[in-house]
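Q: Pasting the sequence and the predicted coordinates here, then a few questions.
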Amino acid sequence: MRRNKLVILGMCAILSMASLSACSKKVDNKAVETTTEVSESQNTEESKEATDKKEEVKEEKFDKKAPKKYGKVTLPNLSDLEISILDTKVSDVDVDFEIENTLASSEQTKEVTDRAVQNGDIANIDFVGKKDGVEFEGGKAQGYDLTIGSGQFVPGFEEQLVGLKIGETKSIDITFPKNYASKELAGQAVVFDVTINKISEKEEAKLTDEWVQKTTKGQSQTVAQFKEYVKNQLEKQKKNQSDMMGIDNTLSKLLEASTFDEINEEAINYEYEKAMFMMKSRIKMYGQNSIEDYVKTMGITIEDFEKQMKEQAETIVKHKIIIDTIAKKDKVKVTKEDYKLLEDVTGRSIEDLKKENSEEIEFYAKAYAVSKDVESKAKVKMLTFEELMAENQKDDVKVEEDQVKKESESEEVIEETTAETKAE
């Protein structure tokens, strides 16, 4: 979705600049606290680390002023536009799937002492690996929780623990795969001495009124109430997603069907310089030494990167010309609902957002307002997410084919011109 991605990518970038969550952020679901402690701990550490780095670098402001005129455009007849929008309907299947995931992540474990290890158990083990009687690096651990049958360890290891009881030790023979990461161990026969410390079994959570009350901390009392709550949350999430993708698809269709009578080169340079400034500022905040180092991690040259940024800057200019033209022509006003979309996506108040990037926040709020205005006049087709992705993929192929054709024609013109010059 190369041509369609720009608005969403641009928004994600801008909102990211303001230290916000990504555009794919899930709708808050405070009543269903199922995230594992490990994940929460990792996220907290990552967030703290990023925050510490930001505090070390004082963020500079882009102080150049935008040109007053960006350009002129001849718009298509809006009633002729065909725009695909994400369907926001939530089915019972969607609700059941979400609840099943919640149940799966709510599994508890219970320690067992009256039987041997079975497939699916969590065995707490100590182990030492030896090759030719000598311990090898990375082959030793104590108090390791291993889910039997998970495939975490090399083939044959977990299977040989089945049947062992707490306190028992067993020497198991293992041959590492020939393609094993460690060259020293690849294809080699080793022996592991394994001791069973503890055995636990998983207890699957069941959808009951009691589970609902415990999981939601009393916010829902029955299964029926919980299902209704989940449905409402999914509807909010789908609406936000549909609105965001609607801005993207609407502007893309307008971009394809519009004719630009005038584009201010100064405006393109302004958007390019601003984007590069913000990129460099963000790279510095996250510990990168330079934009050149960042570009290397992307596997492209700095020249290609700058070219892509310049092309994006031109597209942003065209988007802004379209948005401003329609807003003026149709007298579109930004409403509280338009701002609320940004609040829902970012999890922050508009007042807070405007303090950090007022110009871009106003632009995206206006973009949403204009997209709704256009959709009210155009031929709208509601699609599922999968259908929408398939349609955009087809569009991508066509865009790439058109680009190749355009470049080929350009090369032919250059060759003809060169030949004519030589003949003269």
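A: That came in fine, so what should we check first? Numbers count the residues shown, from 1 in each chain.
Q: can you give me the strands for the stretch 151-300 of the chain?
A: 169-175, 189-203, 259-263 (DSSP state E, counting those that start in this stretch).
Q: Can you tell me the closest non-neighbouring residue to residue 78?
A: Distances taken as CB to CB, 6 or more residues apart in numbering place residue 377 nearest to residue 78, at 4.2 Å, with adjacent residues excluded. Glycine gets a C-beta too; all of them are placed from N, C-alpha and C.
Q: The one you found: what's it in contact with?
A: 78-79, 81 (CB atoms under 8 Å, 6 or more residues apart in numbering).
Q: Redo the residues you listed as JSON lines? Include distance to residue 68.
A: Formatted as JSON lines, the contacts of residue 377 follow (distance: CB to CB, whole Å):
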{"residue": "78", "distance to residue 68": "26"}
{"residue": "79", "distance to residue 68": "31"}
{"residue": "81", "distance to residue 68": "29"}
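Q: Most neighbours among those residues, which one is it?
A: residue 78 (21 neighbours; other CB atoms under 10 Å).
Q: Let me see the contact set for that one.
A: 374, 377-378.
Q: Buried deepest among the strands of the stretch 151-300 of the chain, which one?
A: strand 189-203 (a mean of 17; mean count of other CB atoms under 10 Å).
Q: could you give the angle of it to strand 169-175?
A: Angle, strand 189-203 to strand 169-175, by axes from the mean of the first three to the mean of the last three CA atoms, to 10 degrees: 120 degrees.
Q: What's the mean pLDDT across strand 189-203?
A: Averaged over strand 189-203, pLDDT sits at 94.
Q: What strands line up against it, and which way round?
A: Strands that pair with strand 189-203, judged by DSSP bridges, come out as strand 108-112 (antiparallel), strand 122-131 (antiparallel), strand 169-175 (antiparallel).
Q: any chance of those strands in JSON lines, plus mean pLDDT and distance to residue 208?
A: JSON lines is the format used below for these (pLDDT from 0 to 100; distance: least, CB to CB, whole Å):
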{"stretch": "strand 108-112", "mean pLDDT": "90", "distance to residue 208": "14"}
{"stretch": "strand 122-131", "mean pLDDT": "95", "distance to residue 208": "24"}
{"stretch": "strand 169-175", "mean pLDDT": "95", "distance to residue 208": "40"}
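Q: circling back: from the contacts of residue 78, which land in helices?
A: Assigned to helices by DSSP state H, the following of those qualify: 374, 377.
Q: any chance of the contacts of residue 78 in TSV, plus distance to residue 180?
A: Output for the contacts of residue 78, formatted as TSV (distance: CB to CB, whole Å):
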residue	distance to residue 180
374	57
377	62
378	57
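Q: Relative to the whole chain's centre, how far out is stretch 332-342?
A: 24 Å (CA atoms, centre = their mean, to the nearest Å).
Q: List the buried residues in that stretch.
A: 332, 334, 338-339, 341-342 (16 or more other CB atoms under 10 Å).
Q: Skipping its backbone neighbours, what lies nearest residue 141 in space?
A: In space, residue 141 is closest to residue 127, 6.0 Å off (CB to CB, 6+ apart).
Q: residue contacts, the one you found?
A: By CB under 8 Å, 6+ apart, the residues touching residue 127 are 139-141, 144, 192-195.
Q: between those, which is nearest residue 161?
A: Nearest to residue 161 out of the contacts of residue 127 is residue 194 (CB to CB; 6.4 Å).
Q: what's the distance between the nearest residue to that closest one once chain neighbours are set aside and residue 202?
A: Spatial nearest neighbour of residue 194, chain neighbours left out: residue 127 (4.5 Å); criterion: CB to CB, 6+ apart. Plainly put, residue 127 is 22 Å away from residue 202 if you go by CB to CB, to the nearest Å.
Q: give me the number of residues near the residue nearest to residue 292 when sequence neighbours are not counted?
A: Excluding the flanking residues, the one nearest residue 292 by CB to CB, 6+ apart is residue 302, at 5.5 Å. Counted with other CB under 10 Å, the burial measure for residue 302 works out to 13 neighbours.
Q: ok so, going back, any idea which of the contacts of residue 127 is the one closest to residue 391?
A: Nearest member of the contacts of residue 127 to residue 391, counting by CB to CB, is residue 144, at 48.1 Å.
Q: hang on, the earlier thing: of all the strands paired with strand 189-203, which lies closest to residue 223?
A: That would be strand 108-112 among the strands paired with strand 189-203, by CB to CB, at 18.8 Å.
Q: Other residues contacting the closest one?
A: 121-122, 198-203, 205.
Q: Now the two most distant members of those.
A: Checking those with CB to CB, the most distant pair is 198 and 205, at 21.9 Å.
Q: re the thing from before, quick one: the strands of the stretch 151-300 of the chain as CSV, columns for distance to residue 160 too.
A: Putting the strands of the stretch 151-300 of the chain into CSV (distance: least, CB to CB, whole Å) gives the following:
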stretch, distance to residue 160
strand 169-175, 4
strand 189-203, 8
strand 259-263, 70
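Q: Which residue ranges make up each domain of the chain?
A: Per automatic domain parsing, the structural domains of the chain span 5-96+223-256+318-383, 109-203.
Q: Of all those domains, which one is nearest residue 307?
A: The nearest among these, by CB to CB, is domain 5-96+223-256+318-383 at 14.9 Å.
Q: Now that closest one: average pLDDT?
A: 76.
Q: From residue 267, how far out is the residue nearest to residue 141?
A: For residue 127, the distance to residue 267 - CB to CB - is 65 Å.
Q: likewise residue 220?
A: Going from residue 220 to residue 267 by CB to CB gives 52 Å.
Q: what does residue 315 give?
A: On the measure of CB to CB, residue 315 and residue 267 end up 12 Å apart.
Q: between those two, who's got more neighbours?
A: residue 267 (22 against 19).
Q: got the contact list for that one?
A: 66-67, 69-71, 317, 320.
Q: For residue 329, which non-adjacent residue is spatially closest?
A: residue 75 (7.7 Å).
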